[in-house]
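Visitor: predicted model and sequence follow; I will ask about them next.
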Amino acid sequence: MANLKRTSRPLHPVARHQYADLPRHPLILCASLVQNPANLGGLCRIADVFRLEALVVPDLAQTQTRAFRGTAASAHQWQPILSCNTQALPAWMQLKRIEGYCCIALHCAADAAPLGQFQYPQKTVLLLGQELTGLPDAVLADCDRQIVVQQYGLVESLNVQQAAAIAVYEYIRQRYSG
């Protein structure tokens, strides 16, 4: 994979027809359990902003909704989006492991590694939980590791978009700091 620029804006404008050929970070944002199309649209926007390899949604039909497209703000035109429903998730995760990815759950749990102390593997699948209920025990058991965004307030969790943005930023920061 070619090195990505460390700047927030390209030094030279890139034509839209060349954009698809630019390198992507080998981080896959797996939102197979996320149900709200607006949350999926926000995750698409995050995936595009950080040039992630892919966003995985439960059903591609959700990307056609007004809520998804309104929040994605055109990112869906550029970001690779795949689908994997809940039933297919264990087999999909196994396939990703065969391809060299590590499956990491972003999950609020006492035994999860604090994000600031976690070193991401180069090729990572970041699994996100369903709104309100998080990741089911069977999916958590199938993950290689669990990480948590440390929180200090009374509210017990972040919105899935917020948590994902923080976790993705840390992945990028680890690759391009210093």
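Guide: Great, that's in hand.

Visitor: now do the helices for this protein: every range, in order, please.
Guide: 16-19, 37-49, 66-72, 89-98, 137-142, 160-176 (DSSP state H).

Visitor: quick one: contacts for Leu33?
Guide: Residues near Leu33 by C-beta atoms under 8 Å, 6 or more residues apart in numbering: 58, 86, 89, 127-130, 135-136, 139. For glycine as for every other residue, the C-beta is placed from the backbone atoms N, C-alpha and C.

Visitor: oh, I was asking about Val49
Guide: With contact taken as C-beta under 8 Å, 6+ apart, Val49 is in contact with Ala75.

Visitor: so what's it scoring on pLDDT?
Guide: Here the pLDDT value assigned to Val49 is 93.

Visitor: what of Tyr171?
Guide: Note on Tyr171: pLDDT of 98.

Visitor: what is the burial count for the residue nearest to it when sequence neighbours are not counted?
Guide: Spatial nearest neighbour of Tyr171, chain neighbours left out: Tyr120 (4.9 Å); criterion: C-beta to C-beta, 6 or more residues apart in numbering. For Tyr120, the count of nearby residues is 21 (other C-beta atoms under 10 Å).

Visitor: ranking helices and strands of the protein by mean pLDDT, which lands last?
Guide: Lowest by mean pLDDT, DSSP states H and E among the helices and strands of the chain is helix 16-19, with a mean of 75.

Visitor: quick one: contacts of it?
Guide: Contacts of helix 16-19 with the rest of the structure, by C-beta under 8 Å, 6+ apart, involve Trp78.

Visitor: beta partners for the residue nearest the centre of the chain?
Guide: The centre of the chain sits closest to Leu29, judged by C-alpha atoms, centre = their mean, with a distance of 2.3 Å. For Leu29, the beta-bridge partners are Leu55, Leu126 (DSSP bridges).

Visitor: for Tyr47, give its distance to Arg173.
Guide: Tyr isn't right for residue 47; it's Ala. Distance of Ala47 to Arg173, given as C-beta to C-beta, to the nearest Å: 16 Å.

Visitor: those two - which one has more neighbours?
Guide: Ranked by neighbour count (other C-beta under 10 Å), Ala47 and Arg173 place Ala47 first, with 29 against 11.

Visitor: from what I see, Leu27 and Thr124 are in contact.
Guide: Yes: using C-beta atoms under 8 Å, Leu27 is in contact with Thr124, at 5.1 Å.

Visitor: common neighbours of the two, please.
Guide: With C-beta under 8 Å, 6+ apart as the test, Leu27 and Thr124 both reach Tyr171.
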